[in-house]
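*Asks:* Here is my input; please provide its structure:
(chains A and B, ligands or ions: 2)
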Amino acid sequence: MFKAVYNWIDERLDVAPLWRDVADHEVPEHVNPAHHFSAFVYCFGGLTFFITVIQILSGMFLTMYFVPDINNAYASVDYLQHKVAFGGIVRGMHHWGASLVIVMMFLHTLRVFFTGSYKAPREMNWVVGMLIFFVMLGLGFTGYLLPWDNKAYYATKVGMQIAESVPYIGVYLKELMQGGTIVGAQTLTRFFAIHVFFLPGALLALLAGHFFMIRKQGISGPL
Amino acid sequence: MSNHEGQKPVRKEMSRRQFLSYTLGGTTAFMAGGVALPMIRFAVDPLLQKKEESAFIKVTEEAKITNDPVEYKFKIHQVDGWYESEAELVAWISKDANGNIFALSPVCKHLGCTIGWNTENSDQYVCPCHGAHYTRDGKNLSVAPNPLDEYEVKLDGGFIYLGPIKPNTRV
Ligand code: HEM
Ligand code: FES
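*Replies:* Ligands and ions are numbered 1, 2, ... in the order given. The predicted structure follows:
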């Protein structure tokens, strides 16, 4: 059945070269944990991506209940966590995934560092990786405010003071991020927009660049 | 530039290719700008809106103030986007040795948590977040880079009125 559908589409659109281009390439021995167990360190990049996919999916589902409004945000999170079936699980995936993605990214960066994979010709991918890192920090920072509880509010206040300490432009930077002079209604809507649209968009574009370069340059050689 | 016989005179004229790339580039820039500018102005609007001056609010009676700081709460009218509310502010008010009344802001000058008086029985203001300490005058003893801010104080008819926040004037 599946085969028939695939063939029907392939006859018309010739899709085989498309997926071959993406999937059909050899995994070198030195990165294959089946050959050398220690090669598991090469999995951290993929694991980072796996958790990123979980973040995006669980985040999309959270927005089915979440309301970015100072009077209702906390209540909507409380509701989705305690009244909705599997709410604790879905929010838990997003909550714990947010920390785990940082851990995985860090381990991946260590692997790249200690295998010297940042060296020519892969310098640009190190830079893109660093940009991904900052986007991830931004996602963590903006996401943390959304439940609008005390921890969220004060963590954001502290973050704003840090932004304010930037020389010369600090005050303006803070006001721009806050959307006003206080952490309030307009901060919450702003952070929500940045968290679910702006940064995920930037993240996907950067990941596309990251993966394109890996495919083009191949994985770096054995030590 | 030499002008040899038989060579075409050099004319300062735009080539067709250049003309097209300028007009197409200009049009593209215009269209991109037309799309981007409204959105940018939209996003930075809170920065450019007029800030309202905070008024002086009656907080308590002058006679109640002692040498030990006491926490006073008072309400200001707060406009937060499409929400208007009576927001509660906090001031720690006390008298110094000369009988001058002053009011300190409870916002820690390290990274903005809320300080408390004498929470460690040391006659100091203490911040629970990263352990900043301040004297009664708000002088920063540890962690925080600056002394606690002050409210402007007005005394009138035996009552204390508090106004805008200003940098500490006592240390
Ligand atoms: C790698 C990407 C992401 C990271 C690191 C991240 C991180 C976070 C963090 C730390 C929180 C606070 C969680 C908590 O308080 O328990 C949060 C909340 C939230 N995020 Fe994300 N997020 C990511 C992607 C997304 C995406 C793509 C969406 C939506 C399309 C999304 C939607 C939400 C929503 C609605 C909340 C509020 C609900 C809640 O607090 O549980 N997130 N995020
Ligand atoms: S915010 Fe008060 S010590 Fe850091």
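
*Asks:* Now residue B:89. Its backbone dihedrals?
*Replies:* The phi and psi values for residue B:89, taken as degrees, to the nearest 10, are phi -110, psi 160.

*Asks:* For the residue nearest to residue B:124 when sequence neighbours are not counted, which residues are in contact?
*Replies:* Once flanking residues are discounted, residue B:124 sits nearest to residue B:133: 4.9 Å by Cβ to Cβ, 6 or more residues apart in numbering or on different chains. (Each C-beta comes from the backbone N, C-alpha and C, glycine too.) By Cβ atoms under 8 Å, 6 or more residues apart in numbering or on different chains, the contact list for residue B:133 reads B:122, B:124-127, B:140-143.

*Asks:* Kindly report the same for residue B:155.
*Replies:* Counting by Cβ under 8 Å, 6+ apart, residue B:155 makes contact with B:62, B:101, B:161.

*Asks:* Keep only those residues that also lie close to ligand 1.
*Replies:* Among the contacts of residue B:155, no residue sits close to ligand 1 (Cβ under 6 Å from any ligand atom).

*Asks:* where exactly do the helices run in chain B?
*Replies:* B:16-48 (DSSP state H).

*Asks:* So which of the contacts of residue B:133 are in strands?
*Replies:* For those, membership in strands holds for B:125-126, B:140-142, with DSSP state E as the criterion.

*Asks:* Switch those residues over to CSV; also include pLDDT.
*Replies:* Shown next, in CSV, are the ones in strands among the contacts of residue B:133 (pLDDT from 0 to 100):
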residue, pLDDT
B:125, 96
B:126, 96
B:140, 96
B:141, 96
B:142, 93
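
*Asks:* quick revisit: go through the contacts of residue B:133 and say which is closest to ligand 2.
*Replies:* Ranked by distance to ligand 2 (Cβ to the nearest ligand atom), the contacts of residue B:133 are led by residue B:127 at 3.1 Å.

*Asks:* Skip the chain neighbours and tell me the closest residue to that closest one.
*Replies:* Distance criterion Cβ to Cβ, 6+ apart; nearest residue to residue B:127, sequence neighbours excluded, is residue B:108 at 4.1 Å.

*Asks:* isn't the one you found right up against residue B:115?
*Replies:* Yes: between residue B:108 and residue B:115 there is a contact under Cβ atoms under 8 Å: 5.1 Å.

*Asks:* Touching both of those two, which residues are there?
*Replies:* By Cβ under 8 Å, 6+ apart, the residues touching both residue B:108 and residue B:115 are B:127, B:132, B:148.

*Asks:* any idea which of those residues is the one closest to residue A:61?
*Replies:* residue B:127 (38.2 Å; Cβ to Cβ).

*Asks:* on that earlier part again, show me which of the contacts of residue B:155 are buried.
*Replies:* residue B:161 (16 or more other Cβ atoms under 10 Å in any protein chain shown).

*Asks:* Using TSV, please lay out the contacts of residue B:155 together with distance to chain A and pLDDT.
*Replies:* Below are the contacts of residue B:155 laid out as TSV (distance: Cβ to the nearest Cβ, whole Å; pLDDT from 0 to 100):
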residue	distance to chain A	pLDDT
B:62	30	93
B:101	27	95
B:161	22	95
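
*Asks:* Quick check: the residue nearest to residue B:127 vs residue A:42, distance?
*Replies:* 45 Å (Cβ to Cβ, to the nearest Å).

*Asks:* got the phi/psi numbers for residue B:113?
*Replies:* Recorded main-chain torsions at residue B:113 are phi -70, psi -180, according to degrees, to the nearest 10.

*Asks:* Run a quick neighbour tally on the residue in chain A that ligand 2 sits nearest to.
*Replies:* Closest contact between chain A and ligand 2, by Cβ to the nearest ligand atom, is at residue A:158 (6.2 Å). Here the number of neighbours of residue A:158 (other Cβ atoms under 10 Å in any protein chain shown) works out to 17.

*Asks:* Show me what secondary structure element comes after the longest helix anywhere in chain A.
*Replies:* Longest helix of chain A, by residue count under DSSP H: helix A:87-114. Sequence order places helix A:123-145 as the next helix or strand after helix A:87-114, per DSSP states H and E.

*Asks:* And ligand 1, is that next one touching that?
*Replies:* Yes: applying Cβ under 6 Å from any ligand atom, one finds that helix A:123-145 is in contact with ligand 1 at A:136, A:139-140, A:143-144.

*Asks:* Show me the contact partners of that helix.
*Replies:* Under the contact criterion Cβ under 8 Å, 6+ apart, helix A:123-145 has outside partners A:55, A:59, A:94, A:98, A:101-102, A:105, A:109, A:112, A:118, A:152-153, A:155-156, A:159, A:183, A:187-188, A:191-192, A:194-195, A:199-200, A:202-203, A:206-207, A:209-210, A:213-214, A:217.

*Asks:* Just the buried residues of these.
*Replies:* By neighbour count, with 16+ other Cβ under 10 Å, the contacts of helix A:123-145 hold A:55, A:59, A:94, A:98, A:101-102, A:105, A:109, A:112, A:118, A:152-153, A:156, A:159, A:183, A:187-188, A:191-192, A:194-195, A:199-200, A:202-203, A:206-207, A:209-210, A:213 as buried.

*Asks:* So which of the residues you listed are in strands?
*Replies:* Assigned to strands by DSSP E, none of those qualify.

*Asks:* if we can go back for a sec, tell me the one of the ones in strands among the contacts of residue B:133 nearest ligand 1?
*Replies:* For the ones in strands among the contacts of residue B:133, the nearest to ligand 1 is residue B:126 (27.7 Å; Cβ to the nearest ligand atom).
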